[in-house]
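Undergrad: please find the sequence and the predicted model below.
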Amino acid sequence: MSPTTLPPPPEHGHVTFLGAGPGDPGLLTLRAVEALANADVLVAEHEVLGVVRRHARQGVAEVPTETDSAASSAPGTGTPQLTVVDGASTTVGAPAVRDAAHLVMEAARGGRRVVRAVPGDPGLDAYAAEEMLACVAAGVPFEVVPGVAAAVGVPAYAGVPLRDAHGADVRFVDARTASDRCWTEVGASDGTLVVSTTLDSVGAAAGELVSAGRKPDTPLTVTVAGTTTRQRTWTATLGTIAQTLKQAKVLPSPEGGRPVIAVVGERSAPAQRDRLSWFESKPMFGWKVLVPRTREQAASLSDQLRSYGAVPHEVPTIAVEPPRTPQQMERAVKGLVTGRYEWIAFTSVNAVKAVREKFEEYGLDARAFAGIKVAAVGDQTAKALIDFGVRPDLVPSGEQSARGLVEDWPPYDPVFDPIDRVFLPRADIATETLVAGLIDLGWEVDDVTAYRTVRASPPPAETREAIKGGGFDAVLFTSSSTVRNLVGIAGKPHNVTVIACIGPATAKTAEEHGLRVDVMAPEPSVHKLAEALADFGARRRLAALEAGDPVTRPSERRPGARRRRSTT
């Protein structure tokens, strides 16, 4: 066989039936992530496409399925209606009602690896079994990757354990397809019952159970949007749930009702759920938090906010561009190689990125730092260096700033330091604190503009309206420039929005722009700032509970409501 001749692809590919879980992207299994990373074609229910697509490789062909609007909105019901999305463009084809099994077979042709993603677990999906049988009939090999079923995952997130040490009976019922005989059987049981239904039909399902023999005072919980930051749970009894939802102003849905999980039995008693509700009691549960940083800078901060239950929304306020005259940067990088410098100091992730890009342009790598001492300000800057293959020799022991770096920087010693020069790649708008401090310590400094910072483009109109109209619960300001730039490109945050600042200088700038500062970090660290905001949210939640008031997000407060100032 000629080296350039490839064997023809097999007639049939391979299909992975994958459970995408009940909604939380973190509940995907490791096997599911692996299968998605290797997929050529992704066939997904519309409600899970956002969960699985982030793990698919770039360029994969996506085939989202959508349920017929005339059918039930519950997963696995109705006639599949498909919209094919070309993975190489954003062109969307016209919807057409087609058989889902036929679609999977079509996608598997030519040896392609297909992932068929369904909500929850494939074993509980109404269509997955039919599609598997179609694979068998066509001779297409397949595998099943189980997922967390909503009937199990949602109660766990709602703080309702389904079993105890006494091993009580647990039954699962889909109210949307249950027969009269099924209701009679589960009504006669006194064990825990997990009911999959819709928000509009909860009252009817409760009535069915009472008619079948369950006592009207039997406790139950009803959870909508389970395992997501939109989750909401109501506790009542079979006899009072309809009135409870009415008082909560839960309106009927024109789409036929949102899917919910109801747990019936003593395991869902309010006293127990109040102690075990770990998810909805997170300090910033459901808070929409504005993070005005670049996406690369905001990644770890956003992950931390999610751990507190918040929904981060990243809005870049600064764009980074190359220097107008690159010659100075080019000379400095060449000086690194020729031994011109004893030290190089990085004060930001962007500085690391600028030097790394220049290295790659010249075909250099981390080995060019051999013999040079490296300093870094901040954990994220140090991490960026380590990712580059360089471990910093000096990181401030105290304040993570230029001032903190100067405090720990050794003075120049002509006996021990053969070279007296420091390379400082930085932004065009950086302060002179570090340069002046190093000169005072006896060092010569090549202060080089490695990148320029310019104001970013305005965010979409929807985001700007949310900022000015009180759609965000909090905003994190990590520097004075983020305050000025956000107000400049998007407007001033509404007065109900909690304002959190990284330090006194940033807080002063916020106040100069007419903003009331509610939270200030105990030290200049973005992670300490997030911690301080979480503490603020926890105290706010506790105060509402102690007062007997409902726990609400800041954006749900009345316009013009006064807020107490906190700087802890």
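TA: That came in fine, so what should we check first? Just so we're clear, the structure is a prediction, and the values are computed from it rather than from any experiment. Numbers count the residues shown, from 1 in each chain.
Undergrad: residues in contact with the helix ranked longest in the chain?
TA: If you go by DSSP state H, the chain has its longest helix at helix 526-546. If you take Cβ atoms under 8 Å, 6 or more residues apart in numbering as the criterion, helix 526-546 is touched by 281, 283-284, 287, 289, 300-301, 304-305, 308, 379-380, 474, 476, 478, 498, 500-502, 518-522, 550-552, 554, 566, 568. C-betas here are computed from N, CA, C, even on glycine.
Undergrad: try stretch 317-335
TA: For stretch 317-335, with Cβ under 8 Å, 6+ apart as the criterion, the contacting residues are 292-294, 341, 350, 353-355, 358-359, 362, 364, 423, 425, 428, 446, 448-457, 481-482, 485-486, 489.
Undergrad: switch to 7 Å and redo it
TA: 292, 294, 341, 350, 355, 358-359, 362, 423, 425, 446, 448-456, 481-482, 485-486, 489 (Cβ atoms under 7 Å, 6 or more residues apart in numbering).
Undergrad: buried subset of the contacts of helix 526-546, written for PyMOL?
TA: Command for PyMOL, covering only those of these found buried under the criterion 16 or more other Cβ atoms under 10 Å:
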select buried, resi 281+283+284+287+289+301+304+305+308+380+474+476+478+498+500+501+502+518+519+520+521+551+554+566
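Undergrad: which ones among the contacts of stretch 317-335 map onto helices?
TA: Using DSSP H, the contacts of stretch 317-335 in helices are Asn350, Val355, Lys358, Phe359, Tyr362, Ser481, Thr482, Asn485, Leu486, Ile489.
Undergrad: just flag the most distant two among those residues.
TA: Based on Cβ to Cβ, the longest span within the ones in helices among the contacts of stretch 317-335 runs between Tyr362 and Leu486 and measures 36.7 Å.
Undergrad: poorly predicted segments of the stretch 151-300 of the chain, please.
TA: 165-167, 251-257, 294-299 (pLDDT under 70).
Undergrad: can you pull out the strands in it?
TA: Counting by DSSP state E, counting those that start in this stretch, the stretch 151-300 of the chain has strands at residues 170-174, 192-198, 219-224, 232-237, 259-264, 288-291.
Undergrad: surely Ala368 touches Val337?
TA: Yes: if you go by Cβ atoms under 7 Å, Ala368 and Val337 touch, sitting 5.6 Å apart.
Undergrad: shared neighbours of those two, anything?
TA: With Cβ under 7 Å, 6+ apart, Ala368 and Val337 have no common neighbours.
Undergrad: most tightly surrounded among the strands of the stretch 151-300 of the chain?
TA: strand 259-264 (a mean of 26; mean count of other Cβ atoms under 10 Å).
Undergrad: and that strand with strand 232-237, angle?
TA: Here strand 259-264 runs at an angle of 30 degrees relative to strand 232-237 (axes from the mean of the first three to the mean of the last three Cα atoms, to 10 degrees).
Undergrad: buried sites along the longest helix of the chain?
TA: 526, 528-537, 540-541.
Undergrad: now that helix: average pLDDT?
TA: The pLDDT scores in helix 526-546 average 94.
Undergrad: hey, C-alpha coordinates of it in PDB?
TA: In PDB, the C-alpha atoms belonging to helix 526-546 read as follows (Å, rounded to 0.1, in the frame of the first residue of the first chain):
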ATOM      1  CA  VAL A 526      -9.400  38.900  43.800                       C
ATOM      2  CA  HIS A 527     -10.000  35.700  45.700                       C
ATOM      3  CA  LYS A 528     -10.200  37.500  49.000                       C
ATOM      4  CA  LEU A 529     -12.600  39.900  47.300                       C
ATOM      5  CA  ALA A 530     -14.800  37.000  46.300                       C
ATOM      6  CA  GLU A 531     -14.600  35.600  49.800                       C
ATOM      7  CA  ALA A 532     -15.700  39.000  51.300                       C
ATOM      8  CA  LEU A 533     -18.700  39.200  48.900                       C
ATOM      9  CA  ALA A 534     -19.700  35.600  49.900                       C
ATOM     10  CA  ASP A 535     -19.500  36.600  53.600                       C
ATOM     11  CA  PHE A 536     -21.700  39.600  52.900                       C
ATOM     12  CA  GLY A 537     -24.200  37.300  51.200                       C
ATOM     13  CA  ALA A 538     -24.100  34.800  54.100                       C
ATOM     14  CA  ARG A 539     -24.800  37.600  56.600                       C
ATOM     15  CA  ARG A 540     -27.600  39.000  54.500                       C
ATOM     16  CA  ARG A 541     -29.200  35.600  54.200                       C
ATOM     17  CA  LEU A 542     -28.900  34.900  58.000                       C
ATOM     18  CA  ALA A 543     -30.400  38.300  58.800                       C
ATOM     19  CA  ALA A 544     -33.400  37.600  56.600                       C
ATOM     20  CA  LEU A 545     -34.000  34.200  58.200                       C
ATOM     21  CA  GLU A 546     -33.700  35.600  61.700                       C
END
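Undergrad: and Tyr270, how far is that from Trp278?
TA: Wrong residue type there; residue 270 is Pro, not Tyr. As judged by Cβ to Cβ, to the nearest Å, Pro270 and Trp278 stand 16 Å apart.
Undergrad: show me the longest strand that occurs in this structure.
TA: strand 444-455 (DSSP state E).
Undergrad: one step back: Tyr362 and Leu486: which is more packed in?
TA: Between Tyr362 and Leu486, counted using other Cβ atoms under 10 Å, the more crowded position is Leu486 (26 against 12).
Undergrad: surely the more buried one touches Arg293?
TA: No: the criterion here is Cβ under 7 Å, and Leu486 misses it with Arg293 at 10.2 Å.
Undergrad: and Arg112, how far from Thr16?
TA: 12 Å.
Undergrad: okay, the two: which has more neighbours?
TA: Legend: neighbour count by other Cβ under 10 Å for Arg112 and Thr16, higher for Thr16 (22 against 18).
Undergrad: hmm, who's touching the helix or strand harbouring the more buried one?
TA: Following DSSP states H and E, one finds Thr16 within strand 14-19. The contact list for strand 14-19 (Cβ under 7 Å, 6+ apart) reads 32, 35, 104, 108, 113-118, 120-122, 128, 132, 135, 140-147.
Undergrad: rerun at 6 Å
TA: Strand 14-19 has contacts (Cβ atoms under 6 Å, 6 or more residues apart in numbering) with 32, 35, 104, 108, 113-117, 120-122, 128, 135, 140-147.
Undergrad: partner strands of it, with direction?
TA: Its sheet considered, strand 14-19 pairs with strand 113-118 (parallel), strand 142-145 (parallel) by DSSP bridges.
Undergrad: all set, thanks.
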